[in-house]
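Novice: turn this into a model:
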Amino acid sequence: MALDLNQMFRTNKKAFIWAAFFLLLYLVRRLFGLVFLTFILCYIFNNVVEFLERRIPARRRFHLVVVYFVFLAVLVGMLSIVMPRMAIETKVFLQQLPESLDTMHRWLDDMAARYVYLAPLFAGVKETLNVNKMLGIKADALVSVAVIVVNQVTQYVTYFLLGTVFSFTILFDLPNLSAKIQALRHTRMRDVYEETAESVAKFALVVGAAFQAQIFIATLNTTLTALGLWLLNIKPVALLSIIVFFAGLIPVLGIFISSVPILLLAFNLQGWVLALKAAGMIAFVHAVEAYFLNPNIFSAVLKINPIITLIILYIGHTLFGLWGILLGVPVSVYIYRYILLAASPIEQAPREEGGGEAQPG
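Specialist: Below you'll find the model as predicted:
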């Protein structure tokens with residue numbers, strides 16, 4: 001019996017379409033970071049433009065140009081101030097880190113000698129707090145790493161600016177692009193469009209809303225933390241604030257990642273007095289996040305328990321590394337809400353997920 005390829009495709013159409021879709025994602029995996037960054041910028045700036053359109057009568061493209069002009073002006077201004085300072089602070093921080101760890105190790109040894117029954121606990125903490133475990137490099141290589149870090153940051157800034165240009169290009173012609181994509185339903189790509197369009201759109205809304213909320217929370221956390229660091233005179237302020245911002249993009253777990261270098265430097269500067277003050281400042285900032293920001297922003301978007309979030313982050317990091325940490329939570333929410341529970345149609349998704357009513361953060 002001859003193999004009928006057309007019949008096999010019609011019978012397994014859904015499987016073939018999704019297999020081709022994931023194959024396409026695999027082929028562009030090296031560009032996935034740029035594609036993802038462009039998508040997030042498109043999502044956020046499109047919400048800002050729609051917010052302005054509802055309040056200020058003007059053409060969409062006028063709002064878009066103004067928003068991007070203001071954004072780039074602020075970005076360039078910040079980079080011109082922060083980048084040179086961050087280069088210096090990174091070198092100083094990497095020079096201070098071994099000294100801070102040595103101070104902590106000496107204190108742990110002293111505590112282990114005083115409280116023998118807790119010696120294994122202090123030994124375990126000491127083993128964890130070393131440069132090789134924390135950064136994956138030897139202590140004597142830290143100074144040379146500073147130059148590499150600064151060069152990588154410069155590359156990431158260039159990467160970010162490229163994503164900004166791409167997102168502006170897409171949003172500038174968004175109505176026309178949307179019309180062309182919707183026109184696929186009247187072509188030979190009709191089956192592919194009908195099978196994937198709604199699911200991809202729902203997934204994009206969940207991921208976009210989650211990252212918009214997390215970026216807004218991370219920005220507020222960074223502002224409060226930078227103010228606290230300045231008041232407590234814990235330096236380097238700019239570098240630690242940047243660490244807080246990027247760690248803040250990781251739900252729940254980011255709190256612990258950003259707190260370690262702050263507490264280590266505070267302990268090295270003035271011992272437990274300043275370390276406790278720094279811990280109190282961090283606790284205050286994250287109390288604001290837990291009791292004000294998360295309930296009103298992030299939890300309102302994803303509605304997920306922090307314990308479940310930690311489990312998802314652990315599994316995501318184990319299986320997919322950094323991308324598992326960044327995308328694990330929104331992907332899990334999408335699978336649970338829209339696949340397992342078969343949630344409401346796409347027309348209602350922006351309001352439910354916070355996409356349509358998002359504040360311009």
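Novice: residue nearest the centroid of this protein?
Specialist: residue 249 (3.3 Å; Cα atoms, centre = their mean).
Novice: distance of that residue relative to residue 238?
Specialist: In this view, residue 249 and residue 238 are 18 Å apart by Cβ to Cβ, to the nearest Å. (Each C-beta comes from the backbone N, C-alpha and C, glycine too.)
Novice: re the thing from before, secondary structure class of the residue nearest to the centre of the chain, three-state.
Specialist: Here residue 249 is recorded as coil under DSSP: H, G, I helix; E, B strand; the rest coil.
Novice: neighbours of residue 156, how many?
Specialist: 12 (other Cβ atoms under 10 Å).
Novice: now do it against residue 83, distance only.
Specialist: Distance check for residue 156 against residue 83: by Cβ to Cβ, it reads 11 Å.
Novice: now the helices: where do they sit in the stretch 1-150 of the chain?
Specialist: 5-11, 13-27, 32-55, 60-114, 119-128, 131-135, 142-172 (DSSP state H, counting those that start in this stretch).
Novice: which of the ones you listed sits most buried?
Specialist: With neighbours taken as mean count of other Cβ atoms under 10 Å, the helices of the stretch 1-150 of the chain reach their highest mean count in helix 32-55, at a mean of 17.
Novice: so what does it touch, helix or strand wise?
Specialist: On a contact count with 3 or more Cβ pairs under 8 Å, 6 or more residues apart in numbering; DSSP states H and E, helix 32-55 meets helix 60-114, helix 142-172, helix 190-232.
Novice: let me see the mean pLDDT of the helix or strand containing residue 333.
Specialist: Applying DSSP states H and E as the criterion places residue 333 in helix 322-334. Helix 322-334 shows a mean pLDDT of 76.
Novice: wait, what's in contact with residue 236?
Specialist: Contacts of residue 236 were listed using Cβ atoms under 8 Å, 6 or more residues apart in numbering, and they are 88, 89, 90, 92, 93.
Novice: got the buried residues for the helix or strand where residue 280 lies?
Specialist: Following DSSP H and E, one finds residue 280 within helix 272-288. Neighbour counts using 16 or more other Cβ atoms under 10 Å place 274, 275, 277, 278, 279, 281, 282, 285, 286 of helix 272-288 among the buried residues.
Novice: dump those to TSV, plus distance to residue 245 and pLDDT.
Specialist: Listed next are the buried residues of helix 272-288 as TSV, based on distance: Cβ to Cβ, whole Å; pLDDT from 0 to 100:
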residue	distance to residue 245	pLDDT
274	22	87
275	22	86
277	22	89
278	17	89
279	20	90
281	16	91
282	14	89
285	12	86
286	14	80
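Novice: nearest to residue 128, of those residues?
Specialist: residue 275 (16.9 Å; Cβ to Cβ).
Novice: correct me if wrong: the closest one contacts residue 262.
Specialist: No. Using Cβ atoms under 8 Å, residue 275 is not in contact with residue 262, being 9.0 Å away.
Novice: overlap in contacts, these two.
Specialist: Joint contacts of residue 275 and residue 262 (Cβ under 8 Å, 6+ apart) do not exist.
Novice: what residues does the helix or strand that contains residue 260 touch?
Specialist: Per DSSP H and E, residue 260 falls inside helix 253-270. Residues from elsewhere that reach helix 253-270 (Cβ under 8 Å, 6+ apart): 93, 96-97, 99-101, 103-104, 107, 129, 134, 218, 225, 229, 232, 234-235, 240, 243-244, 247-248, 250, 274-275, 277-279, 282, 286, 310, 313, 325.
Novice: if we can go back for a sec, which strands and helices sit next to the helix holding residue 280?
Specialist: With contacts defined as 3+ Cβ pairs under 8 Å, 6+ apart, helix 272-288 has these neighbours: helix 190-232, helix 253-270.
Novice: mind checking those for the one nearest to residue 118?
Specialist: Closest among those, using Cβ to Cβ: helix 253-270, at 18.6 Å.
Novice: give the buried residues for that closest one.
Specialist: Within helix 253-270, the residues that count as buried by 16+ other Cβ under 10 Å are 253-255, 258-259, 261-269.
Novice: now do that helix and helix 119-128, the angle between them.
Specialist: Inter-element angle recorded for helix 253-270 and helix 119-128: 100 degrees (by axes from the mean of the first three to the mean of the last three Cα atoms, to 10 degrees).
Novice: what's the spacing between helix 253-270 and its chain's center?
Specialist: Relative to its chain's centre, helix 253-270 lies at 20 Å (Cα atoms, centre = their mean, to the nearest Å).
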